[in-house]
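Q: what follows is a predicted protein model with its sequence.
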Amino acid sequence: MAQPPLVFGGRLEEGSPYAVLGVPLEHGPTFREGTRWAPLEVRKASNYIEFRCELSGSDADLLGFYDLGDVPVVNDVKESLKLVEAEVSSTKKVPLIIGGEHTLTYAALKALRPDCLVVFDAHLDARDEYAGDPWSHASWLRRALEELELSRVAVAGARAYVEEEARFLGKRGVLFGKDLRGFLKRYLRGCKSIYVSLDMDYFDPSVVPGVSNPEPGGATFSDFLEHVKELQHLPLAGADVVELSPPYDPSGVSAVYAARALIELATSLRPLSRSPLSPSR
């Protein structure tokens with residue numbers, strides 16, 4: 001049997017409003033390694049799942065995706081972030097990013113400048129530094145809130161964090177909690193564009209074991225879709241799935257979850273037009 005091309009969704013759709021980017025960033029894992037392999041494995045998984053979407057009822061095959069390949073990251077994290085920022089800035093399509101560790105979200109936000117951000121994550125990632133590193137994946141959200149203009153930020157799934165992070169986010173007016181269903185739509189009212197970041201440890205490790213920092217008590221995929229329902233009215237500036245560690249799930253199910261999450265987001269939200277010539281739905 002002929003193997004499908006190793007691009008997201010199996011074929012390139014130039015007319016798609018979405019550009020897929022891999023970012024195999026693995027700067028400083030704090031527990032389990034392997035996020036650099038995620039773009040490869042998520043692309044593989046996307047070639048074998050059905051593209052009929054549960055939330056929207058639409059077929060993602062009709063929308064299509066244009067895969068731009070991987071950003072060539074380097075050993076220096078700040079230089080890697082500059083490369084990610086430049087690549088995201090250069091595409092006129094709405095980027096869907098497959099990471100890679102969570103620090104890459106900072107670069108995407110800097111390039112896109114959405115006014116609102118929703119993060120699905122077991123952790124708050126708002127430490128001032130971790131192990132002496134202010135650019136750790138445990139600190140990216142703090143850097144984003146300090147350096148970028150974000151009018152609304154919400155973190156759903158948060159269940160493992162320290163008091164320092166909670167105090168910082170509370171002072172910034174960030175909405176966070178384990179389950180934000182019923183709160184997101186009202187909180188995000190008035191947002192002109194939204195970026196969605198999914199750390200795969202948002203899900204319970206009993207169903208998604210292939211992550212870098214697993215935390216018990218996580219969500220199901222149905223929980224994720226219920227949250228996404230509250231975002232459907234918002235224009236999507238970009239999205240990512242991060243912190244997938246394929247070596248810790250030989251079954252490949254965790255990569256399937258990541259691929260499915262991306263196509264559900266792409267078909268449930270309206271892609272933000274980035275230029276007059278950009279395709280729109």
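A: Now that the structure is in, tell me what you want to look at.
Q: quick one: low-confidence parts of this structure?
A: Residue ranges of the chain with pLDDT under 70: 1-5, 274-281.
Q: quick one: the strands in it?
A: 18-23, 66-70, 94-99, 116-120, 152-156, 175-177, 194-199, 235-242, 270-271 (DSSP state E).
Q: and these as CSV, adding mean neighbour count and distance to V42?
A: From N, CA and C alone the C-beta is placed, and that goes for glycine too. Below are those laid out as CSV (neighbours: other C-beta atoms under 10 Å; distance: least, C-beta to C-beta, whole Å):
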stretch, mean neighbour count, distance to V42
strand 18-23, 26, 8
strand 66-70, 19, 11
strand 94-99, 27, 5
strand 116-120, 26, 16
strand 152-156, 23, 21
strand 175-177, 18, 26
strand 194-199, 27, 11
strand 235-242, 25, 7
strand 270-271, 18, 20
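Q: would you point out which residue is most central in the chain?
A: D240 (2.3 Å; C-alpha atoms, centre = their mean).
Q: dump the residue contacts of that one.
A: Neighbour list for D240: V23, L96, I97, I98, G99, G100, L104, T105, A108, V196, S197, L198 [criterion: C-beta atoms under 8 Å, 6 or more residues apart in numbering].
Q: let's see it at 6 Å
A: Shown in contact with D240 (C-beta atoms under 6 Å, 6 or more residues apart in numbering): I97, G99, T105, S197.
Q: partner residues bridging it?
A: Assessed by DSSP bridges, D240 has beta-bridge partners I97, S197.
Q: just the helices in the stretch 101-250 of the chain please.
A: All helices of the stretch 101-250 of the chain, identified by DSSP state H, counting those that start in this stretch, fall at 104-112, 140-147, 163-171, 184-187, 221-229.
Q: between strand 194-199 and the first one, find me the angle.
A: Between helix 104-112 and strand 194-199, the angle formed by their directions is 170 degrees, by axes from the mean of the first three to the mean of the last three C-alpha atoms, to 10 degrees.
Q: switch the strands of the chain over to JSON lines; also include distance to A38.
A: Output for the strands of the chain, formatted as JSON lines (distance: least, C-beta to C-beta, whole Å):
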{"stretch": "strand 18-23", "distance to A38": "8"}
{"stretch": "strand 66-70", "distance to A38": "11"}
{"stretch": "strand 94-99", "distance to A38": "6"}
{"stretch": "strand 116-120", "distance to A38": "16"}
{"stretch": "strand 152-156", "distance to A38": "21"}
{"stretch": "strand 175-177", "distance to A38": "25"}
{"stretch": "strand 194-199", "distance to A38": "12"}
{"stretch": "strand 235-242", "distance to A38": "8"}
{"stretch": "strand 270-271", "distance to A38": "23"}
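Q: so A261 makes contact with L198?
A: Yes: using C-beta atoms under 6 Å, A261 is in contact with L198, at 5.5 Å.
Q: between those two, which contacts overlap?
A: Counting by C-beta under 6 Å, 6+ apart, the residues touching both A261 and L198 are V241.
Q: ok, G217 - how many residues close by?
A: Neighbourhood size, G217 [other C-beta atoms under 10 Å]: 12.
Q: then the one 4 residues further on?
A: By other C-beta under 10 Å, the residues close to F221 number 15.
Q: so how far is F203 from the spatially closest residue to it that is not a sequence neighbour?
A: Using C-beta to C-beta, 6 or more residues apart in numbering and skipping the chain neighbours, the partner closest in space to F221 is Y257 (6.6 Å). Here Y257 is placed at a distance of 6 Å from F203 (C-beta to C-beta, to the nearest Å).
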